[in-house]
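Student: turn this into a structure:
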Amino acid sequence: MDKNCEELWNHPTRTFVYDSKVSSDGLYSLFGSYENITCVDRDGSILWIYPVDAPVRSLDIPDNCEYIVAVTDNQKAFCLNRSGSVVWENKFRSPNNIKISADGNYVSLTTSLRKLYLMESNGTPLWNKTLAPGTKYAKSEISYNGDEIVVSVNGAISGYDRSGVLRWNYTKEPASIFSLSKDGRYSIIAANDSLILLDEEGNETGTFPFDEKIRGVAISSDGSKIAAITSDELYYFDNPDAELKKSAAILEDTLQTPDTGEKTPPATQTKQSSLPVLIIIFSMGLAFFFRNKR
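Tutor: Predicted coordinates for the structure are as follows:
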C-alpha cells in the first residue's frame, strides 16, 4: 500500500508468511514462509525465490539491498546476496530474530536460549551476551551503522553500543512490542494500550494512549513518523518530539551562523516513501493474530 492505504499490488501465497520486510526506498520486498523466501520489486513482480527446508522465523534487508539475512526453524541463520545466492550460513541454538544494519555491515541475532549476538555482514562473530534469566523470546533492532542495538527481554527494553556495552535499560512499563528508528535516536514501544517514545538514552519523550491493545508498531528512519496497528485500525502520525528537536536545531544553527549578507538557497529534502512502514505493520499484526489462533 501507499501511505494513504491505497493498494498497489498483492500476492497470494500457498503458505502463511511469518515475516516480511521492505527496503527503505521501496524497491524490494521480501516474504518468508514455510517453503521459501520470495523477493519482489516495487511493482510486485517476482525477482527470485529461494527454497527453505524449514519455516522462516525472521528476515531482514539493508538499504543497499546487497544482503538478505534470515533464520529458520531448523536452527539455521544464513545470508543471501541480492540475486538470492547463499553468501554464508551458520547454525545457532534456537535462533528466533535477526536484523541487519541499514548500511549492511552488521547483523544482530537473538535466540530463545538467552543469547544476543553481533556479527559482521560476512558472518564473523564480534561478541555475544547472555540475557536475563527467564528469557523465552528476545527481539533485537539495530541502528543504521550498528552503533545502537536495542533488545526487548521479558518486558524490558535495553540499549547496547556496538562494543556490547549496556547503555540504558527501560523497565518502567512492560513492553510487548517495539521498533527502533534507523538513526538510533528513537525507540517506540507498545505497553498494553499505549505507545511510549524513548530517546537514544532510554528516556521517555512522549506517550500516546489508544482505546485498545496495540498489535504492531513501526517508526520511520529518522524517527519523524510513527505507525501502529490494533485489531481494527491502522494509525500513522507524526512524532512531535522529532519536530521539536528539528526546530531547536534549526534555531540554534541560525543563531550561530553569522550574517554575511549572502543568501543561500534552502536545502531540498527528499520525502521517503512510507510503504515499508505500512507493509511491516500489517505483517506484524497478521503474524500475531495467526500465532494466537494456532
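Student: C-alpha only now, for contacts and for neighbours.
Tutor: Will do.
Student: what is the neighbour count of Gly202?
Tutor: Gly202 has 20 neighbouring residues, counting by other Cα atoms under 10 Å.
Student: meant to ask about Asp193
Tutor: Counted with other Cα under 10 Å, residues neighbouring Asp193 total 14.
Student: quick check: it touching Asp211?
Tutor: Yes: Asp193 lies in contact with Asp211 (Cα atoms under 8 Å); the separation is 6.4 Å.
Student: close enough to count as contact, Leu118 and Thr111?
Tutor: No: judged on Cα under 8 Å, Leu118 makes no contact with Thr111 at a distance of 12.0 Å.
Student: tell me which of these two has more neighbours.
Tutor: Each of Leu118 and Thr111 has its neighbours counted (other Cα under 10 Å); Leu118 has more, 26 against 23.
Student: what's the closest non-adjacent residue to that one?
Tutor: Distances taken as Cα to Cα, 6 or more residues apart in numbering put Ser108 closest to Leu118, at 4.6 Å, once the chain neighbours are dropped.
Student: against Arg42, how distant is that neighbour?
Tutor: Noted for Ser108: a distance of 27 Å to Arg42, by Cα to Cα, to the nearest Å.
Student: quick one, which of these two is more surrounded?
Tutor: Legend: neighbour count by other Cα under 10 Å for Ser108 and Arg42, higher for Ser108 (26 against 16).
Student: which elements pack onto the one helix or strand that one maps to?
Tutor: Element membership for Ser108 (DSSP states H and E) is strand 106-111. On a contact count with 3 or more Cα pairs under 8 Å, 6 or more residues apart in numbering; DSSP states H and E, strand 106-111 meets strand 95-100, strand 115-120, strand 138-142.
Student: got a list of contacts for the helix or strand following the last one?
Tutor: Using DSSP H and E, the helix or strand that follows strand 138-142 towards the C-terminus is strand 148-153. The contact list for strand 148-153, computed with Cα atoms under 8 Å, 6 or more residues apart in numbering, reads 108, 131-132, 135, 137-143, 157-162, 175-178, 180, 184.
Student: just the buried residues from these, in PyMOL please.
Tutor: Buried residues within the contacts of strand 148-153, by 16 or more other Cα atoms under 10 Å, are selected in PyMOL with:
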select buried, resi 108+131+135+137+138+139+140+141+142+143+157+158+159+160+161+162+175+176+177+178+180+184
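Student: assign Gly202 to helix, strand or coil.
Tutor: coil (DSSP: H, G, I helix; E, B strand; the rest coil).
Student: what sits against it?
Tutor: By Cα under 8 Å, 6+ apart, the contact list for Gly202 reads 158-159, 168-170.
Student: quick one: which of those is nearest Asp147?
Tutor: Gly159 (10.1 Å; Cα to Cα).
Student: could you find the closest non-adjacent residue to the closest one?
Tutor: Val150 (4.4 Å).
Student: in stretch 209-219, which residues are buried?
Tutor: 213-219.
Student: I'd like the distance from that stretch to the chain centre, please.
Tutor: 16 Å (Cα atoms, centre = their mean, to the nearest Å).
Student: what is the rounded mean pLDDT of that stretch?
Tutor: If you average the pLDDT over stretch 209-219, you get 90.
Student: so how far does it reach from one end to the other?
Tutor: The first and final residues of stretch 209-219 sit 17 Å from each other (Cα to Cα).
Student: all good on my end, thank you.
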